[in-house]
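**Student:** sequence first, then the predicted structure:
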Amino acid sequence: MYPLVYTYEMLKTITLKALRPGLPQVADSVETKLDRYIVTRRGHPVMMLISPEDYEGLLETIEILSDRTAAKRIRKSWKDARDGKTASLDALRSRLEGV
């Protein structure tokens, strides 16, 4: 792909030097795959590249998690799922059809 690109799941690291000639491909990767890039110069991070949709999603997540009531409901849902307190898809459909 590009020289000096390191991948950690969706997060990739690329040097500024390697980014310059590869910018169109990196932009395509950010746009189509929602890849995130940390751009480094002399071994230090100087910026991140993420898509506008990814950025908006991160802001929305921060907003939701800063709402104490929503965060509490999310934590309870995670706990319920871990404890096996789930409903089947058929049961959910039945509930929704009854509304």
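**Tutor:** That came through fine.

**Student:** quick one: list the elements packing against the host helix or strand of residue 56.
**Tutor:** Taking DSSP states H and E as the definition, one finds residue 56 inside helix 52-66. In terms of contacts (3 or more CB pairs under 8 Å, 6 or more residues apart in numbering; DSSP states H and E), helix 52-66 is packed against helix 68-82. C-beta coordinates here come from the backbone N, C-alpha and C atoms, glycine included.

**Student:** if we look at the helix it packs on, which residues are touching it?
**Tutor:** Counting by CB atoms under 8 Å, 6 or more residues apart in numbering, helix 68-82 makes contact with 64, 65, 86, all of which sit outside it.

**Student:** let's see it at 6 Å
**Tutor:** Residues outside helix 68-82 that contact it (CB atoms under 6 Å, 6 or more residues apart in numbering) are 64, 65.

**Student:** and that helix, how far from the chain's centre?
**Tutor:** Using CA atoms, centre = their mean, to the nearest Å, we find the averaged C-alpha position of helix 68-82 to lie 19 Å away from the chain's own average C-alpha position.

**Student:** can you check stretch 30-45 too?
**Tutor:** Mean-position distance between stretch 30-45 and its chain equals 14 Å (CA atoms, centre = their mean).

**Student:** kindly report the same for stretch 59-67.
**Tutor:** The gap between the average C-alpha position of stretch 59-67 and the chain average comes to 13 Å, counting by CA atoms, centre = their mean.

**Student:** looking at this protein, which helix is longest?
**Tutor:** Longest helix of the chain, by residue count under DSSP state H: helix 16-33.

**Student:** if you average pLDDT over the helix or strand following that helix, what comes out?
**Tutor:** Downstream of helix 16-33, the next assigned helix or strand under DSSP H and E is strand 36-41. The average of the pLDDT scores along strand 36-41 is 96.

**Student:** any idea of the angle strand 36-41 forms with helix 16-33?
**Tutor:** Here strand 36-41 runs at an angle of 170 degrees relative to helix 16-33 (axes from the mean of the first three to the mean of the last three CA atoms, to 10 degrees).
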